[in-house]
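>>> Turn this into a model:
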Amino acid sequence: MNQLRLGISILAVTVLLPVSFVAAEGARSWQLHNRLSIEYDDNIRESERNKSDSWKIANEIELLYNFNLENTFLSFRYKPSFVWWEDRDEDSTDIHHDLDFIFNHRFSPRWALDIKDTFRVADLPEVIDDTVTVREKSDFLYNSFNATLSYRITPTSRLEFGGRYNLLRYDDSDVATREDYDMYVGGVTYRLNVLPETALVLDGRFERIEYDDEFDRGSDIFQFGIGTEHMFSPNFLANARVGYMTKDFNDNEIDDESQPYGDMNVTFVPSPDTRVSLGLGYSMVESDIFPYASQDRLRFSLALAHDITARLMFQLSGSYARAKYDVADAIPGRLAELGLDLDDFEGGTENIYRATTRFVYRLNRSNWLEFSWIYAKLDSEEQLRRDFERNRFNVAWKTRL
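Numbering: from 1, shown residues only. You can find the predicted model right below:
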């Protein structure tokens, strides 16, 4: 993993620096930012008792490149970051790499292609994406590739063919045996504008997840849904989707499951200075606790952004997730290996709370100061994982180079 990380760094510098110099000669299609932060963390290991705290200093360099033609758009973002911990036994330094790529191309008035790739390499990670919590004591590599080919049937209807491939690889062999996975997703969506401000959406999707462990937690998921998108006003947008999904587990000793799912998202802009978004959803998703093969997850999120003055902005965001683990979804072979009996084994529920408060003050056109407080709490019933409560206080200086 260390050699891979070094190779990624060298490749990124080799590729991006020439792009920067070329862009500098013409229009400024690239941006370079640097963010230096000092943070106090009161529970760096997310422990319930015997908490360990530490100061840390982090520096992030972010390079953004956009290339826009009449029918083609390309966006590239690379952000390496270096973190130094004042008091951490495992290691005093971390190096992370974030790489995002977007490509959109319109072949004709009817055909268009959209591609997005998200790549992450991190030391002792805390989160990946999509609010999935990772507490494994191991470096990881994560990649998500998404592609959508759309065909406009009529001026008011469109057909979309989508595919996604996700992979997760841990550096530690013991963790990798349990948690490494490959996910394959394919689907078709039909979108119809029944009114200028209202769209109807029909979709079907297939998802397969595969693990390397001999006690296979993998599964095949089939889901079909219907949704709507509506613009109540230029400042009020909402979309909702409901459907039914079936999960077929690779382990024949686990019964297949079927249940409804749904999600809703609302965006409200009451004034040019204020933005509010709300999200709600429920579905079966992959489990991040071994030996469970699935979880039922309810999620709720809320975000508020307000420009107090032309220079000062306030952001508040929070999320709640309730994950339910059923013993019927645990791998029987793994329980037997642990000396546990299904009749004596119980599932459990986790409640995960997150909140972020941030003030951003603009000093001038190229410099910003940020002050933030990040709060996280895990309440795990039946001790699926250890409970914890964590506070992080951060001061940062961001500059555009």
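>>> so where do the helices sit in this structure?
Using DSSP state H, the helices assigned to the chain run over residues 2-25, 173-179, 332-337.
>>> Mean pLDDT lowest where, among the ones you listed?
Least confident of the helices of the chain, judged by mean pLDDT, is helix 2-25 with a mean of 41.
>>> how about the longest strand seen in the chain: buried residues?
The longest strand of the chain (DSSP state E) is strand 348-364. Neighbour-count burial for strand 348-364 flags G348, T349, E350, I352, R354, T356, R358, V360 (criterion: 16 or more other Cβ atoms under 10 Å). Every C-beta, even on glycine, is put in place using the N, C-alpha and C of the backbone.
>>> ok, that strand: who's next to it in the sheet?
Counting by DSSP bridges, the strands paired with strand 348-364 are strand 312-325 (antiparallel), strand 367-380 (antiparallel).
>>> can you redo those strands as CSV with mean pLDDT and mean neighbour count?
CSV is the format used below for the strands paired with strand 348-364 (pLDDT from 0 to 100; neighbours: other Cβ atoms under 10 Å):
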stretch, mean pLDDT, mean neighbour count
strand 312-325, 94, 17
strand 367-380, 93, 16
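>>> Now tabulate those in JSON lines and tack on distance to R169.
Listed next are the strands paired with strand 348-364 as JSON lines, based on distance: least, Cβ to Cβ, whole Å:
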{"stretch": "strand 312-325", "distance to R169": "23"}
{"stretch": "strand 367-380", "distance to R169": "25"}
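>>> Kindly provide the distance from T246 to S294.
Distance from T246 to S294, counting by Cβ to Cβ, to the nearest Å: 12 Å.
>>> so what sits against both of those two?
Common neighbours of T246 and S294 (criterion: Cβ atoms under 8 Å, 6 or more residues apart in numbering): E257.
>>> Look at those two and report which has more neighbours.
S294 (23 against 15; other Cβ atoms under 10 Å).
>>> phi, psi of the more buried one?
Main-chain dihedrals, S294, degrees, to the nearest 10: phi -160, psi 160.
>>> Skipping its backbone neighbours, what lies nearest it in space?
The spatially closest residue to S294, leaving aside those adjacent along the chain, is D329, at 4.6 Å (Cβ to Cβ, 6 or more residues apart in numbering).
>>> try D296
Closest residue to D296 apart from its sequence neighbours, by Cβ to Cβ, 6+ apart: K324 at 4.4 Å.
>>> Can you name the residues bridging to the one you found?
For K324, the beta-bridge assignment (DSSP bridges) gives partners D296, T349.
>>> I'd say it and E346 touch.
No: if you go by Cβ atoms under 8 Å, K324 and E346 don't touch, sitting 12.0 Å apart.
>>> hmm, back to that, can you pull the contacts of the residue nearest to D296?
Counting by Cβ under 8 Å, 6+ apart, K324 makes contact with Q295, D296, R297, G347, G348, T349.
>>> again, but for D100
Contacts of D100 (Cβ under 8 Å, 6+ apart): S75, F76, R77, Y78, K116, D117, T118, F119.
>>> Highest neighbour count among these?
For the contacts of D100, neighbours tallied by other Cβ under 10 Å; top is Y78, 21 neighbours.
>>> what bridges to that one?
Those that pair with Y78 in a beta bridge, by DSSP bridges, are L63, L99.
>>> can you check R169 too?
L141.
>>> roughly how far apart are it and F236?
As judged by Cβ to Cβ, R169 and F236 stand 42 Å apart.
>>> what does D212 give?
Going from D212 to F236 by Cβ to Cβ gives 47 Å.
>>> Over to L32?
Distance from L32 to F236, by Cβ to Cβ: 36 Å.
>>> Next: D89.
The spacing between D89 and F236, counted by Cβ to Cβ, is 51 Å.
>>> Look at those two and report which has more neighbours.
F236 (14 against 10).
>>> Surely the more buried one is in contact with F268?
Yes: F236 is within contact range of F268, at 5.3 Å (criterion: Cβ under 8 Å).
>>> So, low pLDDT: which residues of the stretch 251-400 of the chain?
By pLDDT under 70, the weakly predicted segments of the stretch 251-400 of the chain are 333-345, 382-383.
>>> at 90 what do you get?
Scanning the stretch 251-400 of the chain for pLDDT under 90 picks out the ranges 251-256, 284-295, 325-348, 378-388.
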